[in-house]
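[1] using only what follows, build the 3D model:
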Amino acid sequence: MSQSAQPATRPANGGQDLSRRFAGLLVLCGLPLLLLVAGVAWSTYGRAELTAQAREHVVEHLLLFVGVVATFVILALLVWRQFVAPAVTLARSVAEAGQGGTTVLPDVPAPWLGLRRQLELSIAEQQAKIHQLRAMIDGIPLRTVYVDPDLIYRDANREFLEFVGKPREGVIGHSVAEILGPKVVEQYQILGERVRRGETMRWEGWIPFVTRGQRYLQVSLMPYVAVGDTRVGYLTFTRDLTELKLGEQELARNMEALARSESMNKAVVISALDAIIVADENWKVVEFNPAAEALFGYSRAEALGSYSFDLVVPDSMRALHIETMERYKAKSDVGSLARRFETISKRRDGSTFPVEYSVNTVRTGDHRLFMAHVRDLTEAKRMEAEAQASRERLHQVEKLSAMGSLLAGVAHELNNPLAIVIAQSSLLVEKATAEDVKRRGERIHAAAERCGRIVKSFLAMARQKPPQREPVAIGEVVTAALEMVNYGVRSSGIEVETAVEPGLPVITGDRDLLTQVIANLLINAQQALMDRPSPRRVTIGARRDGDAIAIRVTDNGPGIPDEIMRRVFEPYFTTKPAGVGTGIGLSICRNVVEAHGGSVSLSNRPEGGAQFDIRLPVAIGEERATPVPAAAKAMGGLAVLIVDDEADVARSLAEIVEGLGHHATTMERPADALESIGRDRIDIVFADLRMPGLDGVDFRDRIHLRDPELARRTIIVTGDTVAGPDRLARAEGAEVVVLEKPFTFDDVRTVLAQVMAGAVPTRH
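    Take a look at the predicted model:
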């Protein structure tokens, strides 16, 4: 350590010590002389009697005494000036130079010049050594300090000063606790006892500092006794390994993270749903995950080292694929190029299938790897095809819905004139006096009723309502279906034979839905026979078969191939050209029959043609289907109010009512009708559903507020059986009684009788 550490344990000024020594020497030399003079003076003047001679020489004696003292003082001053003062001055200068002061010694007398030059040389040499030692200490890449036994800093190198961020004067003379904090003091105290016994102690670990936080240090403590001191201090050498330790920890974390990443990447590759193939720059496989094994049929051991295009590329595409891969490799030389494309791949067994490739370049040092993620598109393509088919089917459904709406609208528009025709023909038959007029009226009435039944069948098909459960006679269902398709079948030159066993028990079901089933089967038979030569024949029969009704529809057409027969009941499956069929008819048939607890099957007849067999369970009790009985004529003389904005329909209904023996009043405006209800006697009210201002339901609701009993006897007349039921369901009070257009004489008679008897029919 430098000499700056020594002043605390050595005299601060050697010149002062020399001065004190010289003063002591003068005292020692001058004291005997003073005693001698004092003795002589006493022996001469101390007696009581002084001789005259003595008194005469007293002055000479005083002068002699003064001269002796003066001589001694002069001699002392000469010695001080020539010998002692230069020595003191040189001693002081040397001491200052030892403390780092000036190196220029003061002027001294000639006898001292040689010593002065030697001292100057010695001081210069000593200071050079001190500077060299300081430079060496400051240049040590360790934090080096000297701490005295009281843990006060006495010296510190530049490394330590830079660490604490303080100048030398801010450290020297300050305690360890002030500079570095209590934790460092604890370490000194822990190791201090052994250091004071002469041991060199070493310690390594994390320690917190007041200003620098946690640091990882490697510390060596050596015992040191300063010059002029007897207690043991500490030479401390500290190597700061914080960055190295943090780097090691970061490296360890990175290694751990890398290991985890490698494990995770390996797990991802192994567990990936997509096939992953990694190839080197020569397109040889270096990784082949389990998904690739399952997709292509090769084991990993078989794939490794093989050319990737030998494993997965169809032979017909090999040359093109290799050329494409080489172009990709050339482009990836200038960067990491990702590419995604769809193509055809092959399995080990040679089968091909659609795939999607996602190829990326992975760089590892100077090498490149090409990683391909392969996804099997077989299912995606199938689903895409199904989605396209679904969109086409939805388009067909929308067209069917539009056609159904159009059909319902046309049928509804036909209901009003048909209602007039049927009503007038009924009246003509009732009132005709001539037999030929009556026969013509009956033919008109029959034709009009047929038209009405056809219109009602169409409306029933277009009506959106939940399936009904009521007793149904299969003979009536067959008849209604034949009426629906009669024109198309007859115009196509097709003979229809029916063989419905009489007296069949009823079934429980929805008459309209079952009619659609039979009509669909007849239409399919008609289309199958279109290109067949005559005779073209369709047979429909129904018979009792145990606890079921067996219905069979056959034709003499070409039949159905076995591969198609397995799919004919699938939704939207059709072999008909676009615009002819939608593929939903037979699917609907099967759903309707199964919803009724029955079954439907298809087979080919031995003699040729297709055969559909339907089985429907008989209703409990085997009830017989009977038409709605024409109730006995209602009591005559009822006051009937008819409200309809179409005068001809109202007048025709009024004539039927009057023909039944009642009194009828017609009105076109619901507001006028409401006024008459409060004023006149009214037993029955007929109101059209669709009227301007108040519709039939609103009109009935107004009646309900005044007279709930009359509202129960209010009959809604409508030909709108598509949207009408929803509107009727929102009526107030009891269930609405409905008379559907076109209506017949018997329909009006029946609804009047049932309303007056308290029954509530839902449709006529």
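[2] please report phi then psi for residue 154.
    Here is the backbone geometry of residue 154 (degrees, to the nearest 10): phi -110, psi -20.
[3] likewise the one 3 residues further on?
    Backbone torsions of residue 157, given as degrees, to the nearest 10, read phi -90, psi 170.
[4] wait, what's in contact with it?
    The contact partners of residue 157, taken as C-beta atoms under 8 Å, 6 or more residues apart in numbering, are 137-138, 140, 142-145. C-beta coordinates here come from the backbone N, C-alpha and C atoms, glycine included.
[5] kindly reformat those residues as a markdown table containing pLDDT, neighbour count and distance to residue 545.
    Output for the contacts of residue 157, formatted as a markdown table (pLDDT from 0 to 100; neighbours: other C-beta atoms under 10 Å; distance: C-beta to C-beta, whole Å):
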| residue | pLDDT | neighbour count | distance to residue 545 |
| --- | --- | --- | --- |
| 137 | 77 | 19 | 120 |
| 138 | 76 | 14 | 118 |
| 140 | 78 | 14 | 115 |
| 142 | 86 | 17 | 111 |
| 143 | 85 | 21 | 110 |
| 144 | 89 | 20 | 115 |
| 145 | 90 | 25 | 115 |
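[6] now, which of those sits nearest residue 600?
    For these, the residue nearest residue 600 by C-beta to C-beta is residue 143; the value is 99.0 Å.
[7] and that closest one, how far from residue 178?
    Going from residue 143 to residue 178 by C-beta to C-beta, to the nearest Å gives 16 Å.
[8] check residue 315 too.
    Distance of residue 315 to residue 178, given as C-beta to C-beta: 86 Å.
[9] and what of residue 247?
    Residue 247 is 31 Å from residue 178, by C-beta to C-beta.
[10] return the backbone torsion pair for the nearest residue to residue 616 once chain neighbours are set aside.
    In space, and not counting its chain neighbours, residue 616 is closest to residue 598: 4.1 Å by C-beta to C-beta, 6 or more residues apart in numbering. As for residue 598, its main-chain torsions (degrees, to the nearest 10) stand at phi -110, psi -160.
[11] and the gap between residue 598 and residue 565?
    Per C-beta to C-beta, residue 598 is found 20 Å from residue 565.
[12] the two - which one has more neighbours?
    residue 598 (21 against 14; other C-beta atoms under 10 Å).
[13] I'd assumed residue 617 was in contact with that one.
    Yes - if you go by C-beta atoms under 8 Å, residue 598 and residue 617 touch, sitting 6.4 Å apart.
[14] now for the two: what residues contact both?
    Residues touching both residue 598 and residue 617 by C-beta under 8 Å, 6+ apart: residue 548.
[15] bridged to the residue nearest to residue 156 when sequence neighbours are not counted, which residues?
    With sequence-adjacent residues excluded and distances taken as C-beta to C-beta, 6+ apart, residue 156 is closest to residue 145, at 4.4 Å. Counting by DSSP bridges, residue 145 forms beta bridges with residue 156, residue 236.
[16] which residue ranges of the stretch 551-700 of the chain form strands?
    Chain-ordered strands for the stretch 551-700 of the chain, with DSSP state E, counting those that start in this stretch as the definition, fall at 599-604, 610-617, 639-643, 663-667, 684-688.
[17] out of those, deepest packed?
    Counting by mean count of other C-beta atoms under 10 Å, strand 684-688 has the highest mean neighbour count of the strands of the stretch 551-700 of the chain, with a mean of 24.
[18] just the C-alphas of it, formatted as CSV.
    This file holds the C-alpha atoms of strand 684-688, laid out as CSV (Å, rounded to 0.1, in the frame of the first residue of the first chain):
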residue,chain,number,x,y,z
ILE,A,684,-125.3,-16.1,-36.4
VAL,A,685,-122.5,-14.0,-37.9
PHE,A,686,-120.4,-15.0,-41.0
ALA,A,687,-117.3,-12.7,-41.4
ASP,A,688,-114.7,-12.8,-44.1
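[19] what about the nearest residue to residue 146 once chain neighbours are set aside, neighbour count?
    In this structure, residue 146 finds its nearest non-sequential neighbour in residue 155, 4.3 Å apart by C-beta to C-beta, 6+ apart. By other C-beta under 10 Å, the residues close to residue 155 number 22.
[20] before we move on, what about residue 491?
    9.
[21] likewise residue 340?
    Residue 340 has 10 neighbouring residues, counting by other C-beta under 10 Å.
[22] which strands and helices sit next to the helix or strand hosting it?
    Using DSSP states H and E, residue 340 falls within strand 339-346. Using 3 or more C-beta pairs under 8 Å, 6 or more residues apart in numbering; DSSP states H and E, the elements in contact with strand 339-346 are strand 352-364.
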